[in-house]
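Undergrad: Fold the following for me, if possible:
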Amino acid sequence: MTHGLDTSFLVAVEVSSHAEHANCRTRFQRLLKAEDTFSLAPQILAEFIHIVTDPRRFSSPLTLEQAIGRAEIWWNAAEVVHAFPTAESTLLFLGWLEEHKLGRKRLLDTMLASTLQASGVTSLLTLNRDDFVVFGGFTFPK
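TA: Just a heads-up that it's a prediction; the model follows:
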């Protein structure tokens, strides 16, 4: 099975001081052992780098170079498939914004959900399940 990666999950896996680090790391390792794959969109890497380098979020944030290095490891991992926005996913994104009356703070989640759904990904690893339930069609492995 292929699981979409949300930024919240990726940050928790990578940052040892994160409250959900151990749980997310264990879940990731279990799925990896089952030979599952992981779908990663480029915008998740941008958001990941932004978050893990922020000194307001972490007492020991990564340097920009460290964050880029971690992002490259994820992007190039054998078990990662790349998910890119398409014309179809963009129309889905715009439609969902209107249909669900979503505001500007929901743009990135909506873009990720539409990109994953258009790519056929129905499982999502996230710490923010409620942000994605509205779109339907996703499961959230524990």
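Undergrad: Do a quick rundown of the helices in the chain.
TA: 7-14, 21-33, 42-52, 64-76, 87-99, 107-118, 130-133 (DSSP state H).
Undergrad: Now do the second one and helix 7-14, the angle between them.
TA: Using axes from the mean of the first three to the mean of the last three C-alpha atoms, to 10 degrees, the inter-axis angle of helix 21-33 relative to helix 7-14 is 100 degrees.
Undergrad: Number the chain from 27, please
TA: Yes, from this point I'll number from 27; that puts the last item at helix 47-59.
Undergrad: Now do the residue lying closest to Ala93 once chain neighbours are set aside: how many residues are near it, please.
TA: Spatial nearest neighbour of Ala93, chain neighbours left out: Ile75 (4.4 Å); criterion: C-beta to C-beta, 6 or more residues apart in numbering. Where you see a C-beta, it was placed from the backbone N, CA and C, and this is true even at glycine. Ile75 has 18 neighbours, counted by other C-beta atoms under 10 Å.
Undergrad: Quick check: Ile75 vs Met27, distance?
TA: Going from Ile75 to Met27 by C-beta to C-beta, to the nearest Å gives 27 Å.
Undergrad: can you check Phe74 too?
TA: Distance, Phe74 to Met27, using C-beta to C-beta: 22 Å.
Undergrad: One more: Thr63?
TA: 8 Å.
Undergrad: got the contact list for stretch 79-86?
TA: 41, 43, 77-78, 87-90, 93 (C-beta atoms under 8 Å, 6 or more residues apart in numbering).
Undergrad: farthest pair in these?
TA: Greatest spatial distance among these (C-beta to C-beta): Ser43 and Leu90, at 18.5 Å.
Undergrad: Can you name the residues that contact Leu90?
TA: 75, 79.
Undergrad: nope, Phe119 is what I meant
TA: Phe119 sits next to 111, 136-137, 140-141 when contact means C-beta under 8 Å, 6+ apart.
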